[in-house]
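Colleague: The following block contains a protein sequence and its predicted model.
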Amino acid sequence: MSTPHNSAEKGDFAKTVLMPGDPLRAKYIAENFLTDAKKVNEVRGMYAYTGKYKDREVSVMASGMGIPSMAIYSYELFKFYDVENIIRIGTAGAINEKLHIRDVVLAMASATNSNYAAQYNMPGTPVPTADYGLLKKAEEKAVELGKNVTVGTVLCSDTFYDDSSSLAQWRKLGVLAVEMESAALYFNAARLGKKALCICTISDCPLTNEECSAQERETTFNDMIKIALECV
């Protein structure tokens, strides 16, 4: 089988898929962390690979940028390819002043300014959250690897260039960082009875103007990759 966005056949994906936003980061992970990696999709340049990590089968596939892109790819993986777990591994901008470049955040919950959940026609405000089992395992694996992580709420924003300059307001509620995909992933997992987790590396600090280069974003954020792979 295939979908309009994925040429893979059913069975080509492992039960657990790591999802970076950047297709080149998916390629980097497959080439540097997996053995016997096989490319299973390249439609629209969204590279996907399945291989092994420590003899455990795992897939990695790019999600693209933003809620609509993550929503499509994660939904198809959960619904049509029998994927059980998706772990987003991406970048985020620090909102909390205690976070700095290359710090790792585990997103327990995802506040959002998106209207994505309107489709569910709920009589209140649904809260997109990580699967507790995956979250707990990721924190435990980080400790075993000697990696520091911060657990808390992130903001999943529809806007990269925000005309309202609202990040300081989100900081008042203890939000750690801002990214653009976690809410769609968490909502899809909840709706389809699957499991999801978002692990992010701080790539920039919008309130202090610290930032990484594009190449650093693509190839140097290995701590979150190792933590995610240990959760497979």
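Modeller: On my side now, so go ahead.
Colleague: Distance of the most centrally placed residue in the chain relative to C205?
Modeller: By CA atoms, centre = their mean, the chain has its centre lying nearest to R88, at 1.9 Å. From R88 across to C205, the span is 20 Å (CB to CB, to the nearest Å). To be clear about C-beta, it is placed using only N, CA and C from the backbone, and glycine gets the same treatment.
Colleague: hang on, the earlier thing: how about the residue nearest to the centre of the chain, what does it touch?
Modeller: Each residue near R88 by CB atoms under 8 Å, 6 or more residues apart in numbering is listed here: 18-21, 63, 70, 181-182, 185, 196-200.
Colleague: what do you get if the cut-off is 6 Å, keeping everything else the same?
Modeller: Shown in contact with R88 (CB atoms under 6 Å, 6 or more residues apart in numbering): 19, 181, 185, 198.
Colleague: likewise M70?
Modeller: Taking CB under 6 Å, 6+ apart, we find M70 in contact with 63, 181, 184-185.
Colleague: Among those, which pair sits farthest apart?
Modeller: Based on CB to CB, the longest span within those runs between S63 and A184 and measures 8.9 Å.
Colleague: What does the residue of the chain most remote from its centre show for phi and psi?
Modeller: Residue farthest from the centre of the chain, counting by CA atoms, centre = their mean, is P123 at 27.8 Å. Here is the backbone geometry of P123 (degrees, to the nearest 10): phi -80, psi 20.
Colleague: Please apply the same query to G64.
Modeller: phi 80, psi -170.
Colleague: Can you show me the strands along the protein?
Modeller: Using DSSP state E, the strands of the chain run over residues 16-19, 35-41, 48-53, 56-61, 85-94, 104-112, 149-156, 177-179, 195-205, 210-211.
Colleague: So which elements touch the second one?
Modeller: Other elements packing on strand 35-41 under the criterion 3 or more CB pairs under 6 Å, 6 or more residues apart in numbering; DSSP states H and E are strand 48-53.
Colleague: Could you do the third one as well?
Modeller: Here strand 48-53 is seen to pack against strand 35-41, strand 56-61 when contacts are counted using 3+ CB pairs under 6 Å, 6+ apart.
Colleague: what sits up against the longest one?
Modeller: With CB under 6 Å, 6+ apart as the contact definition, strand 35-41 has outside contacts at 6-8, 12, 30, 48-52.
Colleague: Please indicate which of those are buried?
Modeller: Burial by neighbour count, judged by 16 or more other CB atoms under 10 Å, picks out 6, 8, 12, 30, 48-51 from these.
Colleague: Can you add distance to D36 and pLDDT and give the residues you listed back as JSON lines?
Modeller: Formatted as JSON lines, the buried ones among the contacts of strand 35-41 follow (distance: CB to CB, whole Å; pLDDT from 0 to 100):
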{"residue": "N6", "distance to D36": "21", "pLDDT": "91"}
{"residue": "A8", "distance to D36": "16", "pLDDT": "92"}
{"residue": "D12", "distance to D36": "13", "pLDDT": "97"}
{"residue": "A30", "distance to D36": "10", "pLDDT": "97"}
{"residue": "A48", "distance to D36": "15", "pLDDT": "98"}
{"residue": "Y49", "distance to D36": "10", "pLDDT": "98"}
{"residue": "T50", "distance to D36": "9", "pLDDT": "98"}
{"residue": "G51", "distance to D36": "5", "pLDDT": "98"}
